[in-house]
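Enquirer: Sequence first, predicted coordinates after that:
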Amino acid sequence: MTMQSAPRRRRAVAAAGAVSAGLLVLSACEKPTPTATITVGTSSVSSEASCYNDGNALDTAALAECLKNTDIKSIKVDPDETVRFGVDPSIADSSWTILLNGQPLTDSSTKTYRTIPGSVFFNAQYGAQGNTTTVSIKEGDKTVKGLWSFKLKKDA
């Protein structure tokens, strides 16, 4: 064995190790879900889906669990302000509905943007209770493909 072959072998092993580590890191990456955004005045909050099955239908059990999720982003809403909802075009292509506390608030839409008066989210007529309410964006019309949830807090 010559002195030059040992360093070459170490470099080759190190290069193979680096390639293997790189492939491992790439395989662990997940494709991010589409995002939904809520804007009130100059404040906004965006989130990836609480539940998402890469554009395929979610089963009822997964959806029920998703609606119970309390680890969600929040935004303050003045009831006199307009709440703006924006979704990625991929969500709009499948159609989407706004849910208030798990119940449909709007009809299905294929637009990427919608507005609703802030007072609706704190009105008992629409199922609101108290100064905090959960609003969700449901992708899909006949089947649910994704769910994005946010907590709206009344700002006096």
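Expert: Nice, I can see it.

Enquirer: quick one, domains of this protein?
Expert: 1-30, 35-154 (automatic domain parsing).

Enquirer: can I get these in CSV with mean pLDDT and mean neighbour count?
Expert: All C-beta atoms are positioned from the backbone trio N, CA, C, and that covers glycine. Shown next, in CSV, are these (pLDDT from 0 to 100; neighbours: other CB atoms under 10 Å):
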stretch, mean pLDDT, mean neighbour count
domain 1-30, 51, 9
domain 35-154, 91, 16
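
Enquirer: State the helix or strand in which residue 74 lies.
Expert: Assigned by DSSP states H and E, residue 74 falls within strand 73-77.

Enquirer: For the residue lying closest to residue 114 once chain neighbours are set aside, give its distance to residue 67.
Expert: Nearest residue to residue 114, sequence neighbours excluded (CB to CB, 6 or more residues apart in numbering): residue 85, at 4.7 Å. As defined by CB to CB, to the nearest Å, residue 85 lies at a distance of 18 Å from residue 67.

Enquirer: go on, residue 108?
Expert: Going from residue 108 to residue 67 by CB to CB gives 18 Å.

Enquirer: ok, now residue 120?
Expert: For residue 120 relative to residue 67 (CB to CB), the value is 19 Å.

Enquirer: Likewise for residue 36?
Expert: 15 Å.

Enquirer: All the strands of this protein, residue numbers only.
Expert: In the chain, the strands defined using DSSP state E lie at 35-40, 43-48, 51-52, 73-77, 82-87, 96-100, 103-104, 113-117, 132-139, 146-154.

Enquirer: what sits against residue 126?
Expert: 100, 105, 120 (CB atoms under 8 Å, 6 or more residues apart in numbering).

Enquirer: mind redoing it with 6 Å?
Expert: Contact analysis of residue 126 by CB atoms under 6 Å, 6 or more residues apart in numbering lists 100, 120.

Enquirer: and it, how far is that from residue 93?
Expert: From residue 126 over to residue 93 (counting by CB to CB), the distance is 27 Å.

Enquirer: what's the answer for residue 105, then?
Expert: The value you get for residue 105 to residue 93, if CB to CB is used, is 21 Å.

Enquirer: Next: residue 66.
Expert: On the measure of CB to CB, residue 66 and residue 93 end up 21 Å apart.
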